[in-house]
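>>> Here's a sequence, model it:
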Amino acid sequence: MPEARAEQFDIVGYADGPAGGEAQVFSFNSGERWARALKGLGLSWLVAAGTVFIPVAHFLLVPGFLFFGIYVFVSRLRAHEVTMRIHGVCPDCGEEQDFEVGGKWALPRSLACRACGRTLRAVAVDHTNSDTSRVEE
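Below is the predicted model:
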């Protein structure tokens with residue numbers, strides 16, 4: 001079973017200040033990555049075998065799914081951490097939502113707000129601008 005953890009980040013848009021967000025990230029060990037990679041390869045090649053019986057289209061579908069299976073195998077084998085869920089607030093319209101995600105966990109990354117349609121960026125939390133570092137006299 002993969003190990004899950006929560007990652008905090010800022011969501012930056014066109015508004016003056018960033019909004020907060022949280023991602024659910026799964027970490028995979030070597031055995032789990034191999035299992036995911038082989039499962040993706042096997043599924044893709046199973047679909048390729050099924051498309052053999054489609055007249056004319058099989059000339060493109062079979063090689064396409066064979067190469068796609070290799071791509072999935074390599075990408076899943078390299079993915080140590082995978083983003084499963086991103087939840088946050090759009091800094092422009094204020095809509096709280098789950099953003100569409102997939103693939104490796106890395107910052108910065110682009111997000112799209114479903115409410116206002118703007119492109120947002122998920123960036124690492126900036127601790128340098130916090131008001132707690134000021135000393136009052």
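>>> roughly how far is stretch 10-19 from the heart of the chain?
Its chain's average C-alpha position is 20 Å from that of stretch 10-19, according to Cα atoms, centre = their mean, to the nearest Å.
>>> which other residues reach it?
Residues outside stretch 10-19 that contact it (Cβ atoms under 8 Å, 6 or more residues apart in numbering) are 20-21, 88-92, 111, 113, 118, 120-126. (C-beta placed from N, C-alpha, C; glycine too.)
>>> So which of those residues belong to helices?
Residues of those located in helices (DSSP state H): none.
>>> Just the buried ones out of the residues you listed, please.
Using 16 or more other Cβ atoms under 10 Å as the burial test, the contacts of stretch 10-19 include 21, 88-92, 111, 113, 120, 122 as buried.
>>> list the contacts for the residue nearest the centre of the chain?
By Cα atoms, centre = their mean, the chain has its centre lying nearest to residue 102, at 2.8 Å. When contacts are counted by Cβ under 8 Å, 6+ apart, residue 102 touches residue 83.
>>> what kind of secondary structure is it in?
For residue 102, the assignment made with DSSP: H, G, I helix; E, B strand; the rest coil gives coil.
>>> same thing with residue 62?
Per three-state DSSP, residue 62 ends up helix.
>>> gap between it and residue 38?
Per Cβ to Cβ, to the nearest Å, residue 62 is found 20 Å from residue 38.
>>> more crowded one of those two?
Taking other Cβ atoms under 10 Å, residue 62 and residue 38 do not tie; residue 62 has more neighbours (18 against 13).
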